[in-house]
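Undergrad: From the sequence below, what's the structure:
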Amino acid sequence: VEPIDPPSFMELAKPHQVQFLVVNHSPQPMNLQLQMRLSYMSGVAVCGLSYKNLGEIPGSGGSCIVEVTLIALVAGLLRVQGCRIVELTTGQEIPQPPLFNVFVEDSVEQQ
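TA: Residues are numbered from 1 along each chain as shown. Predicted coordinates for the structure are as follows:
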């Protein structure tokens, strides 16, 4: 999972859409689901469902793009993490490294 043009700044409590590229490096097609686990996230949460069914992704480099809406809950420098890819046929979970860092500004403090 790789963020596509991730934001370097976000506004506190304002939803922000982020796109992610999901690539299947396995030689076999996989029926995948992207999950954002709140228990592994800090200061940021997903707006709406915390998972997205991606369907069957072809093997050997097959990919798809998925959009997730994030909202910052606190100001400061945050690390967006807690992403898992789940192969729905087998139940195998593939934890992902932290996706990106973002600085969250509180627009109320700046006025």
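Undergrad: Report the buried residues of the biggest strand by length in the chain.
TA: In the chain, assigned by DSSP state E, the strand with the most residues is strand 62-72. Using 16 or more other C-beta atoms under 10 Å as the test for burial, strand 62-72 gives 62, 64, 66, 68, 70-72. Heads up, the C-betas are built off the backbone N, CA and C, glycines and all.
Undergrad: What of stretch 20-34?
TA: Going by 16+ other C-beta under 10 Å, stretch 20-34 has these buried residues: 20, 22, 24, 30, 32-34.
Undergrad: now stretch 48-66
TA: Using 16+ other C-beta under 10 Å, the residues of stretch 48-66 that count as buried are 52, 54, 57, 62, 64, 66.
Undergrad: returning to that earlier point: can you tell me which two in the buried residues of stretch 20-34 are farthest apart?
TA: Distances among the buried residues of stretch 20-34 were taken as C-beta to C-beta; the most separated pair is Phe20 and Met30, at 15.9 Å.
Undergrad: Helix or strand next in line after the helix or strand Arg79 falls within, which one?
TA: Assigned by DSSP states H and E, Arg79 belongs to strand 76-80. Counting by DSSP H and E, the next helix or strand C-terminal to strand 76-80 is strand 83-87.
Undergrad: what helices or strands is the helix or strand following that following strand leaning on?
TA: Moving toward the C-terminus from strand 83-87, the next helix or strand (DSSP H and E) is strand 93-95. The helices and strands touching strand 93-95, judged by 3 or more C-beta pairs under 8 Å, 6 or more residues apart in numbering; DSSP states H and E, are strand 83-87.
Undergrad: before we move on, the earlier item: now tabulate the buried residues of stretch 48-66 in CSV and tack on pLDDT and distance to His16.
TA: CSV is the format used below for these (pLDDT from 0 to 100; distance: C-beta to C-beta, whole Å):
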residue, pLDDT, distance to His16
Lys52, 97, 16
Leu54, 98, 21
Ile57, 97, 25
Gly62, 97, 28
Cys64, 97, 21
Val66, 97, 15
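Undergrad: Among those, which one lies nearest to Met41?
TA: Once C-beta to C-beta is applied, the member of those that ends up nearest Met41 is Lys52, at 15.6 Å.
Undergrad: Sketch out the low-pLDDT regions of this protein for me.
TA: Along the chain, segments meeting pLDDT under 70 span 108-111.
Undergrad: Nothing else from me, thank you.
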